[in-house]
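*Asks:* Predicted model and sequence below, questions to follow.
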Amino acid sequence: MKLKQQLREAIDFLFTRGPASSADYTRLVLHCARSNDFNQAKRLQSHMELQLFQPTDSFIHNQLLHLYAKCGKLSDAQQLFDKMPKRDIYSWNALLSAYAKVGSLEDLNVVFDQMPCRDSVSYNTLITCFASNRLSSKALSFFVRMQENGFQPTQYSYVNALQACSQLLDFRLGKQIHGRVVVGEFEKNTIVWNAVTDLYAKCGDIDRARWLFDGMVKKNVVSWNVMISGYVKMGNPDECIHLFNKMQLFGLKPDQVTDSNVLKAYFQSGRVDDARNMFSKVAKKDEICWTTMIVGYAQSGREEDALMLFNDMLRGNARPDSHTISSVVSSCAKLASLYHGQGVHGKVILMGVDSNMLVSSALVDMYCKCGVPFDARVIFETMPIRNVITWNSMILGYAQNGEAQEALALYERMLQENFKPDNISFVGVLSACINADMVKEACKYFDSISEHGMTPTLDHYACMITLFGRSGNIDKAVDLINGMPHKPDHQIWSALLSVCSKDNIKTAEFAANNLFQLEPHNAGPYIMLSNLYAACGRWKDVAVVRSLMKENNAKKFAAYSWVEVENELNRFVSDDHNHPEVERIYGELNRLIVKLQQIGYNPDTRNVLHNVGEEEKLRSISHHSEKLALAFSLIKKTKGIAPIRIIKNIRICDDCHVFMKFASIAIARQIIIRDSSRFHHFIDGRCSCKDHW
């Protein structure tokens, strides 16, 4: 600050005394350049023009040009360049640099073509600018042109050309440039060798990259980062973490790039707590570091942690990008947390990124998965541009929320607006048909997949199998499997098993046996087959299946429901007694059951598929997790009119479905349940699924 103040005072004095010598102007312009003081440089230029000073050479003007270029002041640089009585190669290179600094790529080409002569700096400016703006092919064309015109590549030429090859994954050309690097004796240049190593890592030859890395005499932090990020990309987090520890033993301090990649490695290897510990020790957390943690939490099923960390990020004055925000919104969608989703949406608007397509698409998906397709449609309609992902999110959202006609109408509009559907589009359309039991329409859409130049995938076949099975056409479902061009996988056999009833026990056994071979440790098929046997009263077969399940070490995952009350998520399991308000919850639930029985509800104990007494069956069916969640909501929201939203991680049972229909009458409020298959909107004793789920 002191030097800048002295510079300002010196130029102030210059304006009081009138003309100055060439030596004075040279001295002052050098001070401006060293201190990057654009404002004083402009004042100095004004003084020279006021005094009609004309330097004998281009040195002073070139210094000003380079400073203007460095500060991104393109118009000032161009105006000075146009006034210069004498120009040389340095003047032209400074002007090139100004256009490159602001990313004016078309004008950069024009200036380059106008140059009376060029040098390696001229070519490097263009190569660097195009590579930095991911115009890799153009960067490489100037790299070739540079050599054709007799200029030897410098370290900067090689680094940026190799970067361009890495971006294009052009391994063949990259290897050729590697050969030129060796011939040009740049092997001991750490900057160039890092770029060569990075090329091999990014093009998938991680072993050769490691060989090059190990052969380096002088490694810097960038060298280690190249290998660490390479191993992360190749899905080898353990080697990444090993290198990270080894790097520190060599006394090198990790930078923000290192931190971000090692955090990714911890998440890849499932070491979430280690990632958190490392993150807490990072002194300077940049946006990339925050985003890595938030995305890692979201992808590891730690959505609540992702939301809390996002709030910490905002309090830390770090600005999230569209990737961060979309991950946070997706976490809200997975939790079906409308409160947090709306809060993030508000922040998105304040930050001015609500028109970003990635963010808007995530918001559409979030509102759909929170059971509010109307709000999702509002965002969808106001988006300035859409892609097929956005259309798919809205179509799937309507399908999952029981609005089949809206889903199909939106798909037809998508075609009219010349968007080409993809595989996910047809999953959405077929799902809508399943939920509305539209067999004929589904067959039409299934047949049209090939008309759009695609082959039906296993996802599409699974939809059709589910549709045929639920409509009572198990034989058609089996025929479809037998005629598939694909080998049936777990998804196909699971779809078939899920639609079998006690009337199709042979087909169920066939599907289950295939699943036992494909996924012996998955408890789902054992439980489904066991339940079918129990429904038939075949308790010996139930025991055999349970024994096989134990023998194969197939463990059942816990079924639970959660509800958002007072901005917090409350989880319940069946017959849960761990909640701090357990007595009030069961008291409210018992009162509600009595009330529902008075208006016609009769607990269906057939859903309790265990060989126990009727009283035990009644107690078991009455304490399912979604019923506990509803009772808790009623305690906390006694006078509310807003819908009660409950999320369940498995399919809702028949009795709970009937219970919720009666409950929506008794409490005169909408109940929205999202289970593993779809949404159920219970209003006035009716469900949006029309009892098809």
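*Replies:* Looks like it arrived, so ask away. Every value quoted in this text rests on a predicted model; they were computed, and no experiment measured them.
*Asks:* got a list of what the residue in the chain sticking out farthest from the centre touches?
*Replies:* The outermost residue of the chain, judged against the average C-alpha position, is residue 17 (62.7 Å), by CA atoms, centre = their mean. Contact analysis of residue 17 by CB atoms under 8 Å, 6 or more residues apart in numbering lists nothing. From N, CA and C alone the C-beta is placed, and that goes for glycine too.
*Asks:* from now on call the first residue 235
*Replies:* New numbering, starting at 235: the last item is residue 251.
*Asks:* Any figure for the gap between it and residue 258?
*Replies:* Going from residue 251 to residue 258 by CB to CB, to the nearest Å gives 10 Å.
*Asks:* What's the first helix or strand after the one helix or strand in the chain whose mean pLDDT sits lowest?
*Replies:* Least confident helix or strand, the chain: helix 848-856 with a mean of 70, by mean pLDDT, DSSP states H and E. Remark: after helix 848-856, the chain's next helix or strand is helix 859-870, criterion DSSP states H and E.
*Asks:* Beyond that next one, next helix or strand please.
*Replies:* Counting by DSSP H and E, what follows helix 859-870 is strand 878-882.
*Asks:* List the contacts of that next one.
*Replies:* 569-570, 572, 604-605, 793-798, 859-860, 863-864, 867-868, 871, 903-910.
*Asks:* Out of those, which end up buried?
*Replies:* Among the contacts of strand 878-882, those classed as buried by 16 or more other CB atoms under 10 Å are 569-570, 572, 604-605, 793-798, 859-860, 863-864, 867-868, 871, 903-909.
*Asks:* Could I get the contacting residues of residue 827?
*Replies:* 835, 837, 856.
*Asks:* The last one and residue 828 touch, don't they?
*Replies:* In this case it means residue 856. No - in this structure, residue 856 is not within contact of residue 828 by CB atoms under 8 Å, at 10.9 Å.
*Asks:* ok, the two, which is more surrounded?
*Replies:* residue 856 (18 against 10; other CB atoms under 10 Å).
*Asks:* can you count the residues close to residue 449?
*Replies:* Look at residue 449: counted by other CB under 10 Å, it has 10 neighbours.
*Asks:* Likewise for residue 872?
*Replies:* Counted with other CB under 10 Å, residue 872 comes out at 9.
*Asks:* same question, residue 384
*Replies:* So residue 384, with other CB under 10 Å, has 7 neighbours.
*Asks:* so it sits in a helix?
*Replies:* No - under DSSP: H, G, I helix; E, B strand; the rest coil, residue 384 falls outside any helix and is assigned coil.
*Asks:* and residue 917, what does it touch?
*Replies:* 898, 904.
*Asks:* Return the set of residues that bridge with it.
*Replies:* residue 920 (DSSP bridges).
*Asks:* hang on, isn't residue 526 packed against residue 500?
*Replies:* No - Residue 526 is not in contact with residue 500 according to CB under 8 Å; the separation is 9.7 Å.
*Asks:* Can you get me the start-to-end distance on stretch 870-887?
*Replies:* End-to-end distance for stretch 870-887: 25 Å, by CA to CA, to the nearest Å.
*Asks:* Okay, buried residues for it please.
*Replies:* The neighbour-count check on stretch 870-887 (16+ other CB under 10 Å) flags 871, 877-882, 884, 886-887 as buried.
*Asks:* Tell me the secondary structure of the closest residue to residue 383 other than its chain neighbours, please.
*Replies:* Counting by CB to CB, 6 or more residues apart in numbering, residue 383 lies nearest to residue 352, which is 7.5 Å off, once chain neighbours are set aside. Here residue 352 is recorded as coil under three-state DSSP.
*Asks:* What about residue 352, how many residues nearby?
*Replies:* For residue 352, using other CB under 10 Å, the count is 18.
*Asks:* Wait, it touches residue 323, no?
*Replies:* Yes - proximity of residue 352 to residue 323 meets the contact threshold set by CB under 8 Å, at 7.4 Å.
*Asks:* Okay, and which of the contacts of strand 878-882 map to strands?
*Replies:* Those of the contacts of strand 878-882 mapping onto strands are 794-798, 905-908, per DSSP state E.
*Asks:* Nearest to residue 273 among the buried residues of stretch 870-887?
*Replies:* Of all those, residue 273 sits closest to residue 879, with 57.4 Å by CB to CB.
*Asks:* and the closest one, what pLDDT?
*Replies:* Looking at residue 879, its pLDDT is 91.
*Asks:* In stretch 555-574, which residues are buried?
*Replies:* Quick answer for stretch 555-574 (16+ other CB under 10 Å): 556, 558-567, 569-574.
*Asks:* Kindly report the same for stretch 408-415.
*Replies:* In stretch 408-415, counting by 16+ other CB under 10 Å, buried: 408-409, 411-412, 414-415.
*Asks:* Take these and keep only those in helices.
*Replies:* Among the buried residues of stretch 408-415, the residues falling in helices (DSSP state H) are 408-409, 411-412, 414-415.
*Asks:* Would you convert the residues you listed into TSV that also reports distance to residue 461 and pLDDT?
*Replies:* Output for those, formatted as TSV (distance: CB to CB, whole Å; pLDDT from 0 to 100):
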residue	distance to residue 461	pLDDT
408	17	94
409	19	94
411	20	94
412	17	95
414	23	91
415	18	92
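*Asks:* from those residues, which is closest to residue 375?
*Replies:* Distance to residue 375, by CB to CB, is smallest for residue 411 among those, at 13.5 Å.
*Asks:* how much space between that closest one and residue 448?
*Replies:* Relative to residue 448, residue 411 is positioned 21 Å away (CB to CB).
*Asks:* now residue 859
*Replies:* Noted for residue 859: a distance of 55 Å to residue 448, by CB to CB.
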